[in-house]
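Peer 1: need a 3D model of the sequence below.
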Amino acid sequence: MNGDTAARTPTGTDHTAQDGGDVAGPPSPVAPPSPVLPAPRPAEPAPGSWRERLARYGYAARPTAPLTERLVPPMPDGPGVTPTPAPPSPLLQRLGVSVAPGLWTFLCRWAGWLGPLAVALFAGVLRFTNLGQPHAIIFDETYYAKDAYALWHGGYEINWPDGANDQIMTPGAAVPYRAMASYVVHPPVGKWIIGAGEVLFGMNPFGWRFAVALLGTLSVLMLARIARRMFRSTLLGCVAGLLLSVDGLHLVLSRAALLDLVVMFWILAAFGFLLLDRDRTRARLAERLGGVPDALLAQRANLGWRPYRIAAGVCVGLTCATKWSGLYVAAAFGVMTVLWDVGARRLAGAPRPYLAALTRDVLPAFVSIVVVSLAVYVASWWGWFASSNAPGQGGWGRDWAVGRSTDYPWIPEGLRALWHYHSTVYDFHTHLSDPHTYQSNPWSWLVLGRPVSFFYESPKQGQSGCTAAECAREVLGIGTPLLWWAAVVALVYCLWRWAARRDWRAGALLCGLAAGYLPWFAYQQRTIFLFYAVVFVPFLVLAVTMLVGALIGPAGASRDRRIIGSTAAGLLVLLIMWNFLFFFPLFTGQTIPMQDWRQRMWFTSWI
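Peer 2: The predicted structure is shown next:
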């Protein structure tokens, strides 16, 4: 997410642990603040106030930044932000490392892109190396890989003949495609994406996993940029990207042709666009205010054309067009973006910010998020609409409305048929309760109570690279345990930051988590699985990243405080990395001795 149109500062301040408040981000060129402006001073406590009494014991109010900086906090680096030449690194100087001034300035100026790109490259290596292994149809790939092929060849999903999987996996055999419509219960976008890899690389495991692996890699880059924008720290942005790249559940879903990683990608993209919209809108408001609160302007201002929010609506529509769980995201993100507008108006001096948002911001937000996403969703069914409505010759249910009487003749027969199709799908989802070996309750997800085995075999010595008497080869859908357990602690911290300190960043990541997690508690009677949780893994990572920033401490903290905090934060990240490497064979289906496999089964519920 591009954050290099931030408010310009001569120093490129590090906002690693910037205090919460209702602060936001940059964009649009705001008038550069003068480098000689005095530092903000704490407000003097009123005579006789509790602050004055506490001042006798050393209390000091937190410095208040200028209004423009509170609306548009500066980015830590970037074109127009990083000074030229950039000051040398004290650490490199102590280590005796010399870097040419021009090269050092370039690296500092573009660190906000170079760091996230390096982390994304690391994530890509993990996701694409031996992507075609296991060379088999694993777990629900048996549905989505074949549905994707059918969409690209006929526009709708089909019924496959018995033995289709064996024929697909037989080298040189023809794919047994036949134009016979099948009833499916998920919208088509995720399958269109999976099918793009099949078109490029063929109907094989690498082909149907390619596009999902690409989205998994890009999501690491997106999260690194999103975290950098939220926390105003390139370091924390890279930490977030690194943590996502080494989460086991994200890695497993990035290497399998399932829909849930695609859902996660579009949710994260929508969240990123809303952050861009937040920064751009506040920058415009700060420019109009000229650094001075104005009650009338803040109350009545039109926040203008907001293309990033429309882009977020498109992404929400693509989320819904992959899985219906995106409906909750539309509601949560719509409320969140309006509350951000309320905060901006309040900070600008509006006496009744909620009224201003209700009269000026709610309707545009509804159109941008809900109406746009609905249009995208309906358009995603174009292949089904384009199929024949003759009986038995098009997509499933395409002919349902033909010749059928209705009280709504003005609605096109295709839309009526699609509505009927959706009513049957809703009934299927709400009554799906067939027991499954790996199903789990959402209460257990955050502690990884019951993972999902996507693939398992027990090769003997000499088979599949087995060098022991007995081996195991498994793809286990489970998060990196130490990362997830640290996230539970981090979520408690974020709840406190949001409730007690009104930190918008904590509120934003909790909103994303709630949209992807809480709705499942209403369907505990359904057959549901841990891997559904991948949609909110980026928000768990953001919570851990925020905790890491708190451990490091604010830029103004003492040297000892920063050293101790940085050591603790670094130790946490290193432990998570070690834990990821320990479980890596189970994430990628490597053959290991059975004894090594048992050492990784920390709980009986993992078997």
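
Peer 1: can you map out the helices along the stretch 151-300 of the chain?
Peer 2: 164-169, 189-201, 205-231, 234-245, 248-254, 260-289, 295-300 (DSSP state H, counting those that start in this stretch).

Peer 1: now what about the first one, what contacts it?
Peer 2: Same thing as helix 164-169. Contacts to helix 164-169, defined as C-beta atoms under 8 Å, 6 or more residues apart in numbering, come from residues 135-137, 142, 146, 173-176, 203. C-beta here means a position set from N, CA and C on the backbone, and glycine is covered the same way.

Peer 1: top of the residues you listed by number of neighbours, please.
Peer 2: If you count neighbours using other C-beta atoms under 10 Å, the busiest of the contacts of helix 164-169 is Lys146, which has 29 neighbours.

Peer 1: so that residue is in contact with Asn159, correct?
Peer 2: No: if you go by C-beta atoms under 8 Å, Lys146 and Asn159 don't touch, sitting 10.0 Å apart.

Peer 1: what number of residues lie near Phe455?
Peer 2: 19.

Peer 1: now it, what's its secondary structure?
Peer 2: strand (DSSP: H, G, I helix; E, B strand; the rest coil).

Peer 1: contact partners for it?
Peer 2: Taking C-beta under 8 Å, 6+ apart as the test, what Phe455 contacts is 134, 136, 138-139, 473-475, 589.

Peer 1: before we move on, the earlier item: of the helices of the stretch 151-300 of the chain, which approaches Val535 most closely?
Peer 2: Set against Val535 and scored by C-beta to C-beta, these come closest in helix 260-289, at 4.5 Å.

Peer 1: got the angle for that closest one vs helix 189-201?
Peer 2: Between the axes of helix 260-289 and helix 189-201, defined by axes from the mean of the first three to the mean of the last three C-alpha atoms, to 10 degrees, the angle is 110 degrees.

Peer 1: next one: phi and psi at Val452?
Peer 2: When read as degrees, to the nearest 10, the backbone of Val452 gives phi -120, psi 130.

Peer 1: now it. Nearest residue, chain neighbours left out?
Peer 2: Distance criterion C-beta to C-beta, 6 or more residues apart in numbering; nearest residue to Val452, sequence neighbours excluded, is Gly477 at 3.9 Å.

Peer 1: so which of the contacts of Phe455 sit within strands?
Peer 2: Members of these lying in strands (criterion: DSSP state E): 473-475.

Peer 1: quick one: pLDDT of Val23?
Peer 2: We note a pLDDT of 36 for Val23 in this prediction.

Peer 1: kindly report the same for Gly326.
Peer 2: We have a pLDDT of 87 for Gly326.

Peer 1: so what's it up against?
Peer 2: 263, 266-267, 316-320, 373.

Peer 1: okay if I get those residues as TSV plus distance to Ala514?
Peer 2: Listed next are the contacts of Gly326 as TSV, based on distance: C-beta to C-beta, whole Å:
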residue	distance to Ala514
Val263	16
Trp266	17
Ile267	12
Val316	15
Gly317	20
Leu318	20
Thr319	15
Cys320	17
Ser373	18
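
Peer 1: can you pick the most crowded of the residues you listed?
Peer 2: Most crowded among the contacts of Gly326, counting by other C-beta under 10 Å, is Thr319 at 35 neighbours.

Peer 1: coming back round to it: from the ones in strands among the contacts of Phe455, which is closest to Met546?
Peer 2: Nearest to Met546, judged by C-beta to C-beta, of the ones in strands among the contacts of Phe455 is Val475 at 31.0 Å.

Peer 1: tell me the bridge partners for the closest one.
Peer 2: Phe455 (DSSP bridges).

Peer 1: neighbours around it, how many?
Peer 2: 23.

Peer 1: now it: how far from Arg229?
Peer 2: 34 Å (C-beta to C-beta, to the nearest Å).

Peer 1: go on, Ala283?
Peer 2: 13 Å.

Peer 1: do the same with Ala348
Peer 2: Shown here: Ala348 relative to Arg229, a distance of 21 Å by C-beta to C-beta.

Peer 1: can you check Ala257 too?
Peer 2: Distance from Ala257 to Arg229, by C-beta to C-beta: 31 Å.

Peer 1: more neighbours, these two?
Peer 2: Ala257 (34 against 26).

Peer 1: which of the contacts of Phe455 lies closest to Leu491?
Peer 2: Val475 (27.6 Å).

Peer 1: name the next helix or strand downstream of the helix or strand hosting Trp578, please.
Peer 2: Assigned by DSSP states H and E, Trp578 belongs to helix 559-588. Proceeding N to C from helix 559-588, the next assigned helix or strand is strand 591-593, under DSSP H and E.

Peer 1: residue nearest the centroid of the protein?
Peer 2: By C-alpha atoms, centre = their mean, the chain has its centre lying nearest to Leu268, at 3.1 Å.
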